[in-house]
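1. just need the structure, nothing else, for what follows:
(one chain, ligands or ions: 1)
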Amino acid sequence: MIEFQHVFKSYGRGRNILSDINFRVDPGEFIFVSGPSGAGKSTLLKLIGGLEPPSRGSIAVNNQRIDKMPSRARPYLRRAVGIILQDTHLLFDRNAIENVLLPLKVIGLENSLAYTRARAAIEKVGLSGKEDMNPVELSGGEQQRLAIARAIVNRPAILIVDEPTANLDQETARRIMDVFKDFNRVGVTTLIASHDRRLMASYASRTFLIDHGRFNDVKGVAA
Ligand SMILES: Nc1ncnc2c1ncn2[C@@H]1O[C@H](COP(=O)(O)OP(=O)(O)OP(=O)(O)O)[C@@H](O)[C@H]1O
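-> Next comes the predicted model:
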């Protein structure tokens, strides 16, 4: 569950990027976040992931207020929400499986269990056999999938994803979207910011449209 109540967000002394946003997302929903460049889509996702604080208003994730969360409570959010941003932030001085292991190391999971889980996550995104490769040796689509494996290895209840298919060909884009849909089928709440309306039409059942500071909560994916 994600709930925004009267949320405002500005950066520094700048204008409000988001103004008086109110919504509730129930477990298992699949939501498309849409709107022109610079509208505030990434900002909305960062608020949900606790990467940015709101300027005003309350944000709850699984009934926990996160807008006032002290930093020692952040690991909670890290487990609850898997985040995949435009820049995948993969570490190029480590191989593929070590990248996926990182979130498990943070929570102190025992080594052999961590490896089992990391391998399972890599398999889920179709990268089995590439565990020992360096991310630079992977294609753009494979790097994207590796970032997905890292985001899901903690089994988060919520996935937030920023532009997962930008710069990918249609087939790779579909394959990546199918990975998200598979997680969604087993109950993972999913929010994806994208410019690709046609692609999203096959997946999402609800759209958050952000445009010039206005927020619209729309059923389906409008043509
Ligand atoms: N850290 C920051 N500091 C100052 N301004 C920021 C910061 N991050 C984003 N902004 C501004 O907030 C506005 C919304 O940015 P955001 O990245 O959320 O938009 P977006 O809808 O995701 O855009 P795009 O589709 O191009 O990725 C932009 O005007 C941007 O310049």
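
2. could you pull out the strands for the protein?
-> 2-10, 16-25, 30-34, 56-61, 64-65, 81-84, 158-162, 189-193, 206-211, 214-219 (DSSP state E).

3. just give me the residue right at the centre of the protein.
-> residue 160 (2.0 Å; C-alpha atoms, centre = their mean).

4. dump the strands of the chain to CSV, plus distance to the ligand.
-> Every C-beta, even on glycine, is put in place using the N, C-alpha and C of the backbone. As requested, these are exported to CSV (distance: least, C-beta to the nearest ligand atom, whole Å):
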stretch, distance to the ligand
strand 2-10, 8
strand 16-25, 5
strand 30-34, 8
strand 56-61, 15
strand 64-65, 22
strand 81-84, 14
strand 158-162, 7
strand 189-193, 6
strand 206-211, 7
strand 214-219, 12
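
5. could you export the ones you listed as TSV, including distance to residue 172?
-> Output for these, formatted as TSV (distance: least, C-beta to C-beta, whole Å):
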stretch	distance to residue 172
strand 2-10	29
strand 16-25	27
strand 30-34	19
strand 56-61	30
strand 64-65	36
strand 81-84	15
strand 158-162	15
strand 189-193	15
strand 206-211	23
strand 214-219	27
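
6. mean pLDDT added to those strands, as JSON lines?
-> What follows is the strands of the chain, written out as JSON lines (pLDDT from 0 to 100):
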{"stretch": "strand 2-10", "mean pLDDT": "96"}
{"stretch": "strand 16-25", "mean pLDDT": "95"}
{"stretch": "strand 30-34", "mean pLDDT": "95"}
{"stretch": "strand 56-61", "mean pLDDT": "95"}
{"stretch": "strand 64-65", "mean pLDDT": "89"}
{"stretch": "strand 81-84", "mean pLDDT": "91"}
{"stretch": "strand 158-162", "mean pLDDT": "95"}
{"stretch": "strand 189-193", "mean pLDDT": "96"}
{"stretch": "strand 206-211", "mean pLDDT": "93"}
{"stretch": "strand 214-219", "mean pLDDT": "91"}
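
7. of those, which is nearest residue 132?
-> strand 81-84 (22.6 Å; C-beta to C-beta).

8. ok, the closest one: who's next to it in the sheet?
-> Counting by DSSP bridges, the strands paired with strand 81-84 are strand 158-162 (parallel).

9. ok, now which ones touch residue 208?
-> 23, 31-34, 44, 191, 215-218 (C-beta atoms under 8 Å, 6 or more residues apart in numbering).

10. so what's it bridging to?
-> With DSSP bridges as the rule, residue 208 is bridged to residue 33, residue 217.

11. quick one: distance of the longest helix anywhere in the chain to the chain centre.
-> Determined from DSSP state H, the single longest helix within the chain is helix 170-185. For helix 170-185, the separation from the chain centroid amounts to 13 Å (computed by C-alpha atoms, centre = their mean, to the nearest Å).

12. list the contacts of the residue nearest to the centre of the chain.
-> Contacts of residue 160 by C-beta under 8 Å, 6+ apart are 45, 48-49, 81-84, 190-192.

13. also residue 145?
-> Contacts of residue 145 by C-beta under 8 Å, 6+ apart are 125-127, 176, 179.

14. from these, which two are the most distant?
-> Longest span within these, C-beta to C-beta: 127 and 176, 11.9 Å.

15. still on that earlier bit, how about TSV for the contacts of residue 208, with neighbour count added?
-> Output for the contacts of residue 208, formatted as TSV (neighbours: other C-beta atoms under 10 Å):
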residue	neighbour count
23	15
31	22
32	25
33	25
34	24
44	27
191	25
215	20
216	12
217	14
218	13
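
16. done for today, thanks.
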